[in-house]
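1. requesting a structural model of the entry that follows:
(one chain, ligands or ions: 2)
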Amino acid sequence: MSVESLWFDSSRCFVDNEWIAPVNHQYLELYNPSDGSVLCQIARGDSDDVDIAVESASRALNGIWGRTSALERGRILHRMGELVLEKTEQLARIESLDVGKPLTQARADAVALARYLEFYGGAVDKIHGQTIPYLDGYTVYTLREPHGIAGHIIPWNYPMQIIGRSVGAALAMGNVSVLKPAEEACLTALAFADIARQAGLPPGVLNVIPGLGAEAGAALASHPSVNHLSFTGSVGVGKLIQASAADNIVPVTLELGGKSPQLVFADADIDAALPFLVNAGIQNAGQTCSASSRILVHRSVYEQVVDKMAARYTSLRVGPALDDLDVGPLISARQRAIVQSFMDKGDDLTVAARAQVNDQLPGNGFYVSPVLFSDVSANHPLAHEEIFGPVQVIMPFDNDDEAIAIANGTRYGLVASLWTQNGARQMRLARRLRSGQVFINNYGAGGGVELPFGGSGHSGHGREKGFEALYGFSTLKTVAAKHD
Ligand code: NAI
Ligand code: MG
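-> Ligands and ions are numbered 1, 2, ... in the order given. Reported below is the predicted structural model:
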């Protein structure tokens, strides 16, 4: 398999609307997770490349982009969104090859990217300051202004969606961006930069430097000219990013994953819940920040839910991304080893079901067999550590208080859902869940870009998506004029 559909040189960095070789001429290999082959070379950018990108961004901020109206920024974002939609199939195929995700899921990511650009493009001229009644002889008003240079460090699991919610919101508000995609998957980030150029985004407004986290990523996070950091990835690296932000006293948004529960009560419509219970665990092979890896079920319906989920697991089809089955490979041999070691920790647990992996699959692909563990106690490592693979645990509870105690009993707090027909319980428990998003009788609500998203605790802080992201990617200036 190859990436014949690439229309740009994937081994370069994108700076000033040009494709440039990395300063130190170092390169990395990108792998195709579906068969383990080398897909292509990418730049191993480092601090020298980040410096050049930040200088380019700074010129754009102090030049043309700083003078571009909200209306015009919105129009450019709309054009970017239209081009993304035109190229949906190409982008989806590139993402499938690079990330290993089934084509349908990659296609949905491309459509979501376009939708972010459309949403932020349309929202940005509706963000207003205020006039504030004050002392006689004063007129006071507020201006919402960009931070300046935004640094984005993103992971490999949903490159297009994360670019949409992060870079889309930053550019809409008038920031300039330097993007460090993940070394495991960065082709759609590069494709996006070229699409932005084609749509008329001026040089320097968006720069992309691929490379290793400890090199290009650390250089971007610690760069003294960067004014805002947004990061999606592991808790460990999130701490480093927050420390860098502290050094330079810049705001930071962290989205660090979770251990998101779905709570199924005795009065739930179980057949309606079933596809969500399973899909939320195995989508993108479980490599999703908002994956639902814990299923909590009232004891009276517990056996029924275990049996029905198990039946679904045994019918899951695992295979190469372009075959577009239910579950693709994991991103890398390293991620497979991490997930495998978690599965091994479940040796003492009951396996309710394990999906079969076809032995005809390409031998060097990074496949694992999705597994559902039942009767898991809340203090078992698999019940509170993020696995980031197609593994779910299911556990019984006896009453609402116990359900909430288990649900809130991890260090994370990103997403949760309640499956119950009882309106009072829905309202009461939605308040008690420690979670950035709560869904009632659904999970994820289709991922709408309008819905503010982010966590608490080790899931991170700050909000992306919706109007909240536009506030996050801007700062407020108060102007007080004294006059007669
Ligand atoms: P990671 O946190 O190491 O990588 C995410 C991004 O951070 C990549 O672009 C990487 O190059 C960059 N990075 C790494 N070290 C850095 C540093 N010192 N300074 C600046 N940037 C740095 O995550 P990784 O290793 O890919 O996955 C490990 C685990 O992290 C997963 O098993 C999963 O539990 C979690 N994770 C969570 C994600 C989420 O969506 N919340 C996404 C990816 C990983
Ligand atoms: Mg890492």
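2. packing partners for the helix or strand hosting Gly238?
-> Taking DSSP states H and E as the criterion, Gly238 maps to helix 235-248. Helix 235-248 sits against helix 218-222, strand 228-232, strand 252-255, with contacts defined as 3 or more Cβ pairs under 8 Å, 6 or more residues apart in numbering; DSSP states H and E. C-betas here are computed from N, CA, C, even on glycine.
3. can you list the strands that the second one pairs with?
-> Spelled out, that is strand 228-232. Partner strands for strand 228-232, per DSSP bridges, with pairing direction: strand 149-153 (parallel), strand 252-255 (parallel).
4. elements contacting the helix or strand just after the shortest one?
-> Counting by DSSP H and E, the next helix or strand C-terminal to strand 252-255 is strand 260-264. With contacts defined as 3+ Cβ pairs under 8 Å, 6+ apart, the packing partners of strand 260-264 are helix 270-282, strand 292-298, helix 400-407, strand 415-419.
5. domain map for the chain?
-> The chain is divided into the following domains under automatic domain parsing: 3-256+461-479, 260-448.
6. deepest of the ones you listed, which one?
-> domain 3-256+461-479 (a mean of 21; mean count of other Cβ atoms under 10 Å).
7. average pLDDT for it?
-> Mean pLDDT, computed over domain 3-256+461-479, is 98.
8. wondering if it reaches ligand 1 at all.
-> Yes: counting by Cβ under 6 Å from any ligand atom, ligand 1 is contacted by domain 3-256+461-479 at 153-155, 157, 180, 182-183, 213-214, 217-218, 221, 232-234, 237, 240, 255-256.
9. pull the distance from that domain to the chain's centre.
-> The chain centroid and the centroid of domain 3-256+461-479 are separated by 12 Å under Cα atoms, centre = their mean, to the nearest Å.
10. now do the strands in the stretch 351-484 of the chain.
-> Assigned by DSSP state E, counting those that start in this stretch, the stretch 351-484 of the chain shows strands spanning 371-374, 391-397, 415-419, 437-440, 460-461, 474-482.
11. between the last one and strand 228-232, how many degrees?
-> Which is strand 474-482. 160 degrees (axes from the mean of the first three to the mean of the last three Cα atoms, to 10 degrees).
12. what lines up beside strand 474-482 in the sheet?
-> Strand 474-482 has these strand partners (DSSP bridges): strand 138-146 (antiparallel).
13. do the third one as well
-> Partner strands for strand 415-419, per DSSP bridges, with pairing direction: strand 260-264 (parallel), strand 437-440 (parallel).
14. relative to Gln198, which of the ones you listed is closest?
-> strand 437-440 (34.2 Å; Cβ to Cβ).
15. picking up where we left off before, need the domains of the chain in a markdown table (columns: distance to Gly455).
-> Listed next are these as a markdown table, based on distance: least, Cβ to Cβ, whole Å:
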| stretch | distance to Gly455 |
| --- | --- |
| domain 3-256+461-479 | 7 |
| domain 260-448 | 4 |
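16. before we move on, back to that, redo the strands paired with strand 228-232 as JSON lines? Include distance to Lys126.
-> Formatted as JSON lines, those follow (distance: least, Cβ to Cβ, whole Å):
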{"stretch": "strand 149-153", "distance to Lys126": "21"}
{"stretch": "strand 252-255", "distance to Lys126": "22"}
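17. quick one: Asn442 from ligand 1, how far?
-> 21 Å (Cβ to the nearest ligand atom, to the nearest Å).
18. so who does that residue touch?
-> 276, 417 (Cβ atoms under 8 Å, 6 or more residues apart in numbering).
19. please tell me I have it right and Pro202 contacts Gly66.
-> No: checked against Cβ atoms under 8 Å, the pair Pro202 and Gly66 is beyond contact range at 10.5 Å.
20. what do these two both touch?
-> Ala60.
21. now for His5: which residues touch it?
-> Quick fix: residue 5 is Ser, not His. 90, 93-94.
22. make TSV out of the residues you listed and add secondary structure.
-> Output for the contacts of Ser5, formatted as TSV (DSSP: H, G, I helix; E, B strand; the rest coil):
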residue	secondary structure
Gln90	helix
Arg93	helix
Ile94	helix
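23. can you spell out which helices and strands pack onto the biggest helix by length in the chain?
-> The helix spanning the most residues in the chain, taking DSSP state H as the definition, is helix 103-123. Counting contacts by 3+ Cβ pairs under 8 Å, 6+ apart, helix 103-123 packs against helix 70-86, helix 88-99, helix 159-172, helix 466-472.
24. could you rerun that using 10 Å?
-> helix 70-86, helix 88-99, helix 159-172, helix 187-198, helix 466-472 (3 or more Cβ pairs under 10 Å, 6 or more residues apart in numbering; DSSP states H and E).
25. I'm done for today, thanks for sticking with me.
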